[in-house]
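[1] quick one: sequence plus predicted model below, questions after.
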Amino acid sequence: MPKSSFVDFRAVKAAITMEQVLEHYGILDKFKRSGDSLSGPCPIHKGSNPTQFRVSTSKNIWNCFSECKHGGNTLDFIAKMEGITIHAAALKAIEWFRLDPTEMSAAEPGAEEEESAPTSPEAKPKKAAPVAEKATPNTPLKFRLDKLEREHPYLIKERGLTLETIVDFGIGFCAKGMMAGRIAIPIHNAEGGVVAYAGRWPGEPAEDTPKYKLPQGFRKSIELFNIDRAIKEPADKPLLIVEGFFDCMKIHQAGHKKAVALMGATMSAAQEELICKHASSNAHVIVMLDENEAGRAGREDIACRLSKHCFVKVHEFNTPDAEPEHLFPEDLAQILEGVV
Ligand SMILES: [Zn+2]
């Protein structure tokens, strides 16, 4: 194995295709094929216009003609989707597509190596071990958004949250500042520090407006929503893993406070590490993602990876597109019954 911990981006790029990457995210079928090009809504800024995002399957490049106004290769795409550097994206690609890292190492250091040293595959004892991005944690914020409107109709009428839950999670409609016009949702790290506010558009946003806004530079892939409180719950209670903020808040409201949200349908290596750090080998975990293609793909991968560390149960909904957010408390109780 070469001593160098630098990854040869060209070798990684050459080893994967855009179609594989889109498949990995469970979104390949959202694209329309025409010759060697795919077109569909932009998964990066989460647009809805079906022609704004184009992929050349022969050249393995992409372009967003809308909000992102950006394009690039497979690694640029992963970097944008995950909010990480190209180097971290290359490491992710190695992990996801089970590439041989020994073949991907370059002798020459790259320019984007600032995150590389502790996360290089060579530094890990096992080749297939997931690569956690430990280098730069999100810095806790020095401010709090106050004067949030708690009793906003979107939260109460549309999402069915009680005022108690709203106050408990510290969310609310923000009238001013960077999250103006959005529901601000504080995200805490495991130690309880607020590392970011996510801004949810209250309702269906216009085509060019993203549903969620996150601060630039914030790395959501290294955080788990509600982890700070979930780890304070009794060890014998199962940890429920869901996709979204609202799934997590509704599960909490339904009486199960040991729940975390991945903020997506995939579990990053850092999130895996975070879960395992706080779960003993006889801990029970329930993976409950949305009943759609991304959720199904995600939960299989998550269950497979977590089952090496603890007991894992995958919850499958009977109805397509079902989400944990809409579970009735009695259904949730039934699911949790008999897990431990
Ligand atoms: Zn875009």
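    Looks like it came in fine.

[2] spell out which parts of this structure neighbour the ion.
    Counting by CB under 5 Å from the ion, the chain comes close to the ion at 42, 44-45, 64, 67-68. Every C-beta, even on glycine, is put in place using the N, C-alpha and C of the backbone.

[3] if I've got this straight, I187 is in a strand?
    Yes. Counting by DSSP: H, G, I helix; E, B strand; the rest coil, I187 is found in a strand.

[4] and it, how many neighbours does it have?
    Residues lying near I187 (other CB atoms under 10 Å) number 25.

[5] for it, what are its contacts?
    Residues near I187 by CB atoms under 8 Å, 6 or more residues apart in numbering: 194-198, 220, 223, 225, 263.

[6] what's the nearest residue to it if we skip its chain neighbours?
    The shortest distance from I187 to any residue other than its chain neighbours is 4.8 Å, reached at A196 (CB to CB, 6 or more residues apart in numbering).

[7] CA-only coordinates of the helix or strand hosting I166 in PDB, if you can.
    For I166, the element it lies in under DSSP states H and E is helix 163-169. Coordinates of each C-alpha in helix 163-169 appear next as PDB, following Å, rounded to 0.1, in the frame of the first residue of the first chain:
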ATOM      1  CA  LEU A 163     -47.200  24.600  20.800                       C
ATOM      2  CA  GLU A 164     -45.400  22.500  23.400                       C
ATOM      3  CA  THR A 165     -43.400  20.700  20.800                       C
ATOM      4  CA  ILE A 166     -42.700  24.000  18.900                       C
ATOM      5  CA  VAL A 167     -41.300  25.600  22.100                       C
ATOM      6  CA  ASP A 168     -39.500  22.400  23.100                       C
ATOM      7  CA  PHE A 169     -37.600  22.300  19.800                       C
END
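
[8] number the chain from 15, please
    Got it, first residue is 15 now, which makes that one helix 177-183.

[9] what does the helix or strand that it is followed by contact?
    Remark: after helix 177-183, the chain's next helix or strand is strand 186-188, criterion DSSP H and E. Strand 186-188 has contacts (CB under 8 Å, 6+ apart) with 159, 162-164, 166, 168-169, 180, 194-198, 211, 213, 216.

[10] all helices for the chain, in order.
    With DSSP state H applied, the chain shows helices at 23-29, 32-38, 88-96, 100-110, 130-133, 167, 177-183, 241-244, 259-267, 283-291, 307-320, 343-350, listed in chain order.

[11] just give me the lowest mean pLDDT stretch among those helices.
    Across the helices of the chain, helix 130-133 has the smallest mean pLDDT, namely a mean of 38.

[12] closest to the centroid, which residue in this protein?
    G278 (3.6 Å; CA atoms, centre = their mean).

[13] what separates the residue nearest to S80 when sequence neighbours are not counted from I58, distance-wise?
    Spatially, and ignoring its direct neighbours in sequence, S80 is nearest to Q66 (3.9 Å; CB to CB, 6+ apart). Q66 sits at a distance of 10 Å from I58 (criterion: CB to CB, to the nearest Å).

[14] overlap in contacts of the two?
    C78.

[15] just the strands in the protein please.
    For the chain, the strands defined by DSSP state E cover 46-48, 51-54, 67-70, 75-78, 84-87, 186-188, 196-202, 208-214, 226-227, 253-256, 273-275, 298-301, 325-328.

[16] just name the most buried of the ones you listed.
    Comparing those by mean neighbour count (mean count of other CB atoms under 10 Å), strand 253-256 ranks first with a mean of 28.
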